[in-house]
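>>> Sharing a model that was predicted from the sequence below.
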Amino acid sequence: MFPNGVSGTDAWLTPSNECQWGGVACWGENTSNAYTVNAIEFEDNNLSGTLIPEMNSFKDMHFLALRQGSLMGTLPTQVGDLQQLQILDLENNGLTGALPNELFDMASLEELDLNDNYLTGTLSPRIARMRKLRSFHIHNNKLLGNIPTNLVNIPNLISVRLSGNGFTGAMPPQVCDLRPRGLQTLVVDCGIECQVPDCCTSCIP
C-alpha cells in the first residue's frame, strides 16, 4: 500500500488527500462510501504512539492492521464503534491493560490478532457476541482466568491461539466438540487440561 520509493512523512500526513497516503486505501468513487477510508495497514514501519479514541471516526473501515510496531497504551473503548471492521490486527506491539468490553461488540469482525502484546485481565464471555469471528489469536500476553465455555457459540471459528498467557483449568468440553469439523487450530499452554490431538491441536510447554 506504499508507493515505490515513498516513505516517512512523504507517505503520511502530507497536504494531499488522505486516500493518497501510503498505508491507506479508500472506497472507490462508484461506491456508497466513496472516498472514505476502507483500510489502514502499517506492518513493521516503526509506528509508535497510542491508539486514540477518535479512531471511531472511520465508520466505513473494514481493515486495520498496525502490526509489528511500537504502539503503547490501552485499547480505547471506542474501538467497539467500528461496526464495519472485519480485520483488526495489532499483533507484536506494546499494548497494555484489559480488553475493553466494547471490543466484543464488533459484530462484523472476522479476524482478531492481538498476540504478542502485554494485555492483562481475563477473557470475557462477551466474546461470544462476535458471531462472525473466524480467527482469534491472543497468544503471548498476560491474560488470566478460565477459558470461557461460550467460545462454542461462535459458529465460524477456524483458528484459536491462547498459549503464552496465564489461563488455568481445562478446555471446556463444549469447545472440544468443535474439533475437527470447523475448528482447525486450537493451541494452548500445556498446563491447560486439553487432550492433544483430539481437542487441542498442540500445546506449548
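It's in. Numbers count the residues shown, from 1 in each chain.

>>> where along the chain do the helices fall?
173-176 (DSSP state H).

>>> From the rest of the structure, what touches the element among helices and strands of it having the smallest mean pLDDT?
The weakest-scoring helix or strand in the chain, judged by mean pLDDT, DSSP states H and E, is strand 24-26 (a mean of 87). Defining contact as Cβ atoms under 8 Å, 6 or more residues apart in numbering, one finds that strand 24-26 is touched by Met1, Glu18, Cys19, Tyr35, Thr36, Val37, Asn38, Ala39, Ile40, Glu41, Phe63. (Each C-beta comes from the backbone N, C-alpha and C, glycine too.)

>>> Repeat that for stretch 52-68.
For stretch 52-68, the surrounding residues in contact (Cβ under 8 Å, 6+ apart) are 25, 27, 33, 36-44, 47, 76-79, 81-93, 108, 113.

>>> from these, which would you call buried?
Among the contacts of stretch 52-68, those classed as buried by 16 or more other Cβ atoms under 10 Å are 25, 27, 36-42, 47, 76, 78-79, 81-82, 84-93, 113.

>>> hmm, back to that, greatest separation within the contacts of strand 24-26: which pair is it?
Tyr35 and Glu41 (18.0 Å; Cβ to Cβ).

>>> Tell me what Asp189 is bridged to.
Here Asp189 sits in beta bridges with Ile204, going by DSSP bridges.

>>> mind listing what Arg126 touches?
Arg126 neighbours (Cβ under 8 Å, 6+ apart): Asn101, Phe104, Asp105.

>>> Among these, which are located in strands?
The strands, defined by DSSP state E, take in nothing from the contacts of Arg126.

>>> Quick check: ChimeraX command selecting the buried ones in those residues.
The ChimeraX selection below is limited to those of these classed as buried (16+ other Cβ under 10 Å):
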select :104,105
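
>>> tell me which of the contacts of Arg126 is nearest to Ser163?
Nearest to Ser163 among these, with distances taken as Cβ to Cβ, is Phe104, at 21.0 Å.

>>> Show only the entries of the buried ones among the contacts of stretch 52-68 found in strands.
Ala25, Val37, Asn38, Ala39, Ile40, Glu41, Ile87, Leu88, Asp89, Asp113.

>>> what's the distance between the residue lying closest to Val79 once chain neighbours are set aside and Gln83?
Distances taken as Cβ to Cβ, 6 or more residues apart in numbering put Leu103 closest to Val79, at 5.8 Å, once the chain neighbours are dropped. Leu103 sits 12 Å away from Gln83 when distances are taken as Cβ to Cβ, to the nearest Å.

>>> And Leu143, by the same measure?
Distance, Leu143 to Gln83, using Cβ to Cβ: 25 Å.
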